[in-house]
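Participant: This is a predicted model, with the sequence first.
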Amino acid sequence: MTIYQFLLILKARYKIILLTGLVTVATAMLITAVLPRSYSATATILLNYKGIDPVTGMNLPALLMPGYMATQAEIIKSRNIALRVVDKLGMANDPEIQKKFADEGKSKEEVNNFMAEFLLNKLDVKPSKESSIIEITFKNPNQAIVALVANTFAEKYRQASVEFKVDPAQKAASYFGQQIKVLKENLEKAQGKFSRYQQEHGITNLEQGLDIENMRLNELSSQFSAIQASVIEAQSRKSTARKSSADSPDVENNPMVQKLRYDLANAEANLEVLSKKVGENHPEYQSALAQLVKMRSQLQREIGRASNSISSTSTIAEQREAELKIQLEMQKIKVLELNRIRDESTVLKKDVETAQTAIDTVTQRFSQTRIEGESDQSDITILNPAITPDKPSSPKVFLILALSIVMGSVLGVMFGFLSELIDRRIRSVQDFVQIMDVPVFSIFDENLNKPKSKLLENQAAKQLSIG
C-alpha cells in the first residue's frame, strides 16, 4: 500500500475515524468527570550530609553510606512513624470510626494499625539520587488534611530520628554509670593492696633506696676485686718467704734487716782486721767475735720476724677477702630482694594505673553519652513544609484529554482500515489494476467524459503492460 492509497482510505472513512475519536474523547472526559478528585501535598526535608554530630563533634560515616537515603525513606514509610502520625492527629478517636470498629469487635490497637495502613497506602516518599533531600507526598480526596498529614509525617520522622539517636545513648549512659561503680571498687581495691604492700615492706622511695643499695653493691664488688688481687700478691710473697726467707724481696727490703746486715758486715770487717793485729785469744778479738755472733742471731730473728709479718699480712688479707665476700653476697641478696619488691610493687602500681585509666575512659564515655542522651538536636531539617493545594492533583484533565485524542485517532484509523477490509472499494488506478488484473489505457471523468488529467494518464501508463 502506497501513501496515496492510505490517504484515500482515510478520506473515504473519515466519518468512522472522526466518530471513533469523538467517542473515545467523550468517554475519557466522562470517566474523568466521574472519577473523584484527589489532592496532594508535599513536604521537603533536608538531611545534613556534613557527617558531624552536633553534640560530640564526631564524624558520622553512616551518613556517607550509599544506602543511607533509601534507609531514611523506608523509615518514613514505616508503621512506627505512621502510628505516631495517627496518634498525633487523633484519627483513631473519630466517633464514627470507633463505632464502626467497635461493631466489628476490634480493639483500639487494631484501629490504629488500620489507620496507619490507610495513611501509608496514600503516602509517597521519594529520596533524591543526587542530593540529600527527601520529598514526602500525601494524597487524599480531603483537601484540608493532605498538608497536615504530610507535615506531621515530616515532624514525626524528625522526632523519631532524634529518639533513634538518643535512646541508645541513654542506654549506654546507664550501662557506663553501672560500670563506673564497679571500676571504682576495683580501683579502691588496687590502691588498698598497693598501700598495704608499701607499709608491709616499709617502702617510702623504693627507686632511691634501690639506687643506694646498687651503689653499695658496686662499691663492695670493687673492694672485693681489689682485696682478691691483694690476697693473691700476699700469698705469693708468703710462699716465697717460706721457701727462702733470706731471698724474699720483702725481707730484703725490711729496714731493720738491712741495718743489721750492714752492721754485721762492719762487724765482720772489724773482726778480720783484729784477727790480723791480735790473736784469737785476745780480749778485743773475743769481744768482737761475740758481738758478731750476737748480730747474726739478731739478723736471723729479724728475718724470721719479717717472714712472719708477711704471713700475717696474707692471713689478714684472706680474712678481709672472706668478710668482703660475705658482705657482697648479703648485699646481692638485699639488692635481689629489693628488685623483687620493686617488681611486685610495679605490678601493683600497674594495676592501680590500669584501674585508673579504665575508670577515666568510662567516665569520659559516660559524660559524652549522657550529653548525647539529653540532646534534642537532629541532623534533619524541614526545608519546605507542605501547603494546602488549590487544585486537585488527579485526575489530570489535560493529560487525559491529550492521551484520549491520541488513542481516539489510533482507534479511528484502526476501525477505518477494518471497515475498508470488510467493504473493499476501488479508489485509485492502483486498486483497479490490482483487483481486475487488466491493463488500463485511459481514465475518463464521470461527468465530462474527458481525460481527467495528464497526471493520471502518466500514472496509468506506467503501470499498464501493452501486449
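Facilitator: Arrived safely, thanks for sending.
Participant: For the residue lying closest to residue 21 once chain neighbours are set aside, identify the helix or strand it belongs to.
Facilitator: Leaving aside its sequence neighbours, residue 21 sits nearest to residue 408 (CB to CB, 6 or more residues apart in numbering; 3.4 Å). From N, CA and C alone the C-beta is placed, and that goes for glycine too. Following DSSP states H and E, the helix or strand that holds residue 408 is helix 397-422.
Participant: Neighbours of the residue nearest to residue 21, how many?
Facilitator: 22 (other CB atoms under 10 Å).
Participant: if I read this right, it contacts residue 22, doesn't it?
Facilitator: Yes. Here residue 408 reaches residue 22: they are 7.1 Å apart, a contact under CB atoms under 8 Å.
Participant: From the contact counts, what lies against the helix or strand hosting residue 313?
Facilitator: Using DSSP H and E, residue 313 falls within helix 283-374. With contacts defined as 3 or more CB pairs under 8 Å, 6 or more residues apart in numbering; DSSP states H and E, the secondary structure elements packing on helix 283-374 are helix 146-200, helix 206-243, helix 249-252, helix 255-277.
Participant: and it, how far from the chain's centre?
Facilitator: Centroid separation for helix 283-374 versus its chain: 56 Å, with CA atoms, centre = their mean, to the nearest Å.
Participant: any idea which helix or strand comes after it?
Facilitator: strand 380-384.
Participant: What strands line up against that following strand, and which way round?
Facilitator: Here strand 380-384 is paired, per DSSP bridges, with strand 39-47 (antiparallel).
Participant: could you dump the partner strand to CSV, C-alpha only?
Facilitator: The C-alpha trace of strand 39-47 is given here as CSV (Å, rounded to 0.1, in the frame of the first residue of the first chain):
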residue,chain,number,x,y,z
TYR,A,39,-5.4,16.4,46.3
SER,A,40,-1.7,16.0,47.2
ALA,A,41,0.7,18.0,49.3
THR,A,42,4.5,17.6,49.5
ALA,A,43,6.8,18.3,52.4
THR,A,44,10.5,18.5,51.7
ILE,A,45,13.1,17.6,54.3
LEU,A,46,16.8,18.1,54.2
LEU,A,47,19.3,15.6,55.7
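Participant: Packing partners of whichever helix or strand comes after it?
Facilitator: Once strand 39-47 ends, the next helix or strand along the chain (criterion: DSSP H and E) is helix 68-76. Here helix 68-76 touches strand 39-47, strand 123-127, strand 133-140, helix 146-200, going by 3+ CB pairs under 8 Å, 6+ apart.
Participant: could you redo the ones you listed as CSV and give each row distance to residue 269 and mean pLDDT?
Facilitator: CSV is the format used below for these (distance: least, CB to CB, whole Å; pLDDT from 0 to 100):
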stretch, distance to residue 269, mean pLDDT
strand 39-47, 128, 89
strand 123-127, 134, 90
strand 133-140, 134, 90
helix 146-200, 81, 86
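Participant: Could you list the low-pLDDT ranges of the stretch 251-400 of the chain?
Facilitator: 251-255, 257, 303-312, 375-376 (pLDDT under 70).
Participant: can you rerun that using 80?
Facilitator: Within the stretch 251-400 of the chain, the segments meeting pLDDT under 80 span 251-286, 288-289, 291-318, 321, 338, 342, 369-379, 392-397, 400.
Participant: again, but for the stretch 1-150 of the chain
Facilitator: Across the stretch 1-150 of the chain (using pLDDT under 80), the flagged ranges come out as 1-14, 17, 32-37, 48-68, 92-109, 129-131.
Participant: right, and residue 80 touches residue 159 too?
Facilitator: No. In this structure residue 80 lies outside contact range of residue 159 using CB under 8 Å: 11.2 Å.
Participant: and for these two, which residues touch both?
Facilitator: By CB atoms under 8 Å, 6 or more residues apart in numbering, residue 80 and residue 159 have no common neighbours.
Participant: Residue 323 is nearest to which of the helices and strands packed on helix 283-374?
Facilitator: Nearest to residue 323, of all the helices and strands packed on helix 283-374, is helix 206-243, at 8.9 Å by CB to CB.
Participant: sorry, back to before: quick check: which helices or strands does the helix holding residue 408 pack against?
Facilitator: helix 3-12, helix 14-34.
Participant: If you count contacts, what does the last one end up packed against?
Facilitator: Other helices and strands packing on helix 14-34, by 3+ CB pairs under 8 Å, 6+ apart, are helix 397-422.
Participant: for the shortest one, same thing?
Facilitator: When contacts are defined as 3+ CB pairs under 8 Å, 6+ apart, helix 3-12 packs onto helix 397-422, helix 429-436.
Participant: Next, the angle helix 397-422 makes with that helix.
Facilitator: For helix 3-12 against helix 397-422, the angle by axes from the mean of the first three to the mean of the last three CA atoms, to 10 degrees is 110 degrees.
Participant: now helix 3-12, how far from the chain's geometric center?
Facilitator: Worked out by CA atoms, centre = their mean, helix 3-12 lies 75 Å from the chain centre.
Participant: C-alpha coordinates for it, PDB please?
Facilitator: Taking Å, rounded to 0.1, in the frame of the first residue of the first chain, the C-alpha atoms of helix 3-12 are listed here in PDB:
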ATOM      1  CA  ILE A   3       0.900   6.600   0.900                       C
ATOM      2  CA  TYR A   4      -1.600   7.800  -1.700                       C
ATOM      3  CA  GLN A   5      -3.800   4.700  -1.200                       C
ATOM      4  CA  PHE A   6      -3.500   5.200   2.600                       C
ATOM      5  CA  LEU A   7      -4.700   8.800   2.300                       C
ATOM      6  CA  LEU A   8      -7.600   7.800   0.000                       C
ATOM      7  CA  ILE A   9      -8.800   5.300   2.600                       C
ATOM      8  CA  LEU A  10      -8.600   7.900   5.400                       C
ATOM      9  CA  LYS A  11     -10.500  10.300   3.200                       C
ATOM     10  CA  ALA A  12     -13.200   7.800   2.400                       C
END
